[in-house]
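[1] sharing a model that was predicted from the sequence below.
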Protein chains: 2
Amino acid sequence: MTSGTSNTIEIDLFTALEDKGLRKTSARSAVLTRIESANDAFTAEQLCRDLPEVGRATVYRTIRHLVDAGALCKLPILDGAPMYSIARIEHHHHTICSKCGAIGEFRHSTVERVMRSLGKEIDGEIVGHRMEIFIICKRCLSGTNDGG
Amino acid sequence: MTSGTSNTIEIDLFTALEDKGLRKTSARSAVLTRIESANDAFTAEQLCRDLPEVGRATVYRTIRHLVDAGALCKLPILDGAPMYSIARIEHHHHTICSKCGAIGEFRHSTVERVMRSLGKEIDGEIVGHRMEIFIICKRCLSGTNDGG
DNA sequence: GATTTATTGATACTTGATATCAATTATGAT
DNA sequence: ATCATAATTGATATCAAGTATCAATAAATC
């Protein structure tokens, strides 16, 4: 089952669970492998659909563990279920296409600098931030994005 | 019923519905008046609780109309129901207390400047953005925030 | 291999939100 | 003001996302 080849991200995910003292089970392996293979952000329900052999509760639990461990980031979606993406080491932000909902990533050092200067203005202790850029993506702009 | 005094925001909300060709009913008036009196962001369920005389469906429908009309902005909350705040003319962002969930507002011109410079990096047309700062608010830091 | 303990997953439930539709109410015409 | 018409309401049912329960099962340790 895990006789696979790629071992860069998978180890991260497994390690994340190990570090929490969680057992390595086949159900969890299935979920992690599925997540690993994801190129884009995904919803919990998508995983459930793709992994009918794994119980819904387990899918949700595993996702929660990973978010908890910081291995996944949970992206709130305005109308609909949250999406998840693998947390890279570098802090980053997301672009969301207002037409098709496609999620992309970007990094921008100025954003981080702004955060630091905001500390003075804001009442309370800053523990994190999130920035989302709403766009119309290239595919939607060009009209190539029909049904997929 | 609308023999009130304040007419700055209320009119905006009513106008928003009028402009959509919607009738002025007492149920809607109750919802708008309640929203108008809100100093902070609120959830749909909060309105329902505060307005037991108005049906849940109507509360939700009215909120949807207002968001639709651009009079309210809908704020996705990571774990929980979205919150709504009256859309001011000025663009602003939100602080969210990670402990108690309290939502505040802030404005920062640098954020807007960053947005402009991001335009070059991002594939697609930017149509909007949202920034959220996660904080531990003063009340939670000081321990004053017990149960309220 | 037996024991202990975490994990699983079918099911029931919770919550936020929407669809249905008969009863009601606002608006426009008379 | 009254009537007719069409929008609105709200009790209820339903839906969707997600969580709690708990007996059965599978990992890890000995």
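    Okay, I see it.
[2] in stretch A:115-130, what counts as buried?
    Residues of stretch A:115-130 classed as buried: A:115, A:118, A:122, A:124, A:129, A:130 (neighbour count, 16 or more other CB atoms under 10 Å in any protein chain shown). For the C-beta atoms, the positions are set from N, CA and C on the backbone; glycine is no exception.
[3] just for chain A, where's the confidence low?
    Residues of chain A meeting the criterion pLDDT under 70: A:1-11, A:88-92, A:98-102, A:108-110, A:112-113, A:143-148.
[4] please, which helix or strand holds residue A:61?
    helix A:56-68 (DSSP states H and E).
[5] let me see the contact set for residue A:20.
    For residue A:20, the contacting residues are A:65, A:68, A:69, by CB atoms under 8 Å, 6 or more residues apart in numbering or on different chains.
[6] how does it look with 7 Å?
    Going by CB atoms under 7 Å, 6 or more residues apart in numbering or on different chains, residue A:20 touches A:65, A:69.
[7] now, which of the buried residues of stretch A:115-130 lie within strands?
    In strands, defined here by DSSP state E, the members of these are A:129, A:130.
[8] closest one of the buried residues of stretch A:115-130 to residue A:81?
    residue A:130 (17.1 Å; CB to CB).
[9] wait, the closest one touches residue B:132, no?
    Yes: judged on CB atoms under 7 Å, residue A:130 makes contact with residue B:132 at a distance of 4.8 Å.
[10] what are the buried residues along stretch A:25-40?
    A:28, A:29, A:30, A:31, A:32, A:33, A:34, A:35, A:36.
[11] point me to the helix or strand that includes the fifth one.
    The reference is to residue A:32. With DSSP H and E as criterion, residue A:32 is part of helix A:26-36.
[12] that helix: what's the following helix or strand?
    Counting by DSSP H and E, what follows helix A:26-36 is strand A:42-43.
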